[in-house]
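# Sequence below, structure please.
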Amino acid sequence: MLQYEFETVDCDNASGYSLFGGVGLETTRHREIICRRAAEGWRYAGSIPRSQRAGGFIETVDLVFEREAAPEE
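As a prediction, the model looks like this:
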């Protein structure tokens, strides 16, 4: 049986610049979280938008991690 955990990443702390004018957004915190979780034995399984603005900008996402659950006795 698999065990799942979720970790929320805030996209409001993103930064960057778009070549087509205006501000582009780039997040980096997700990489740190995925590497830390992998070291703890978790596998990255995907992401789910958690909150989104009316204009389509995703404010937060949940990163989904899975691993084999310890066998029940």
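
# Nearest the middle, which residue of the protein would you pick?
The central residue of the chain, meaning the one whose C-alpha is nearest the mean C-alpha position (Cα atoms, centre = their mean), is residue 63 at 3.5 Å.

# So which residues of the protein form strands?
Counting by DSSP state E, the segments of the chain that form strands are 2-10, 43-52, 58-68.

# Show me the shaky parts of this structure.
12-26, 73 (pLDDT under 70).

# from memory residue 66 sits against residue 43, does it?
Yes: in this structure, residue 66 is within contact of residue 43 by Cβ atoms under 8 Å, at 5.5 Å. All C-beta spots, glycine's among them, are computed from the backbone N, C-alpha and C.

# how much space between residue 58 and residue 37?
Using Cβ to Cβ, to the nearest Å, one gets 20 Å for the distance from residue 58 to residue 37.

# Residue 63 now?
If you measure residue 63 against residue 37 using Cβ to Cβ, the figure is 8 Å.

# Next: residue 11.
Between residue 11 and residue 37 the distance, using Cβ to Cβ, works out to 18 Å.

# hmm, back to that, just so I know, which of the strands of the chain lies nearest residue 27?
Counting by Cβ to Cβ, residue 27 lies closest to strand 2-10 out of the strands of the chain; the figure is 6.7 Å.
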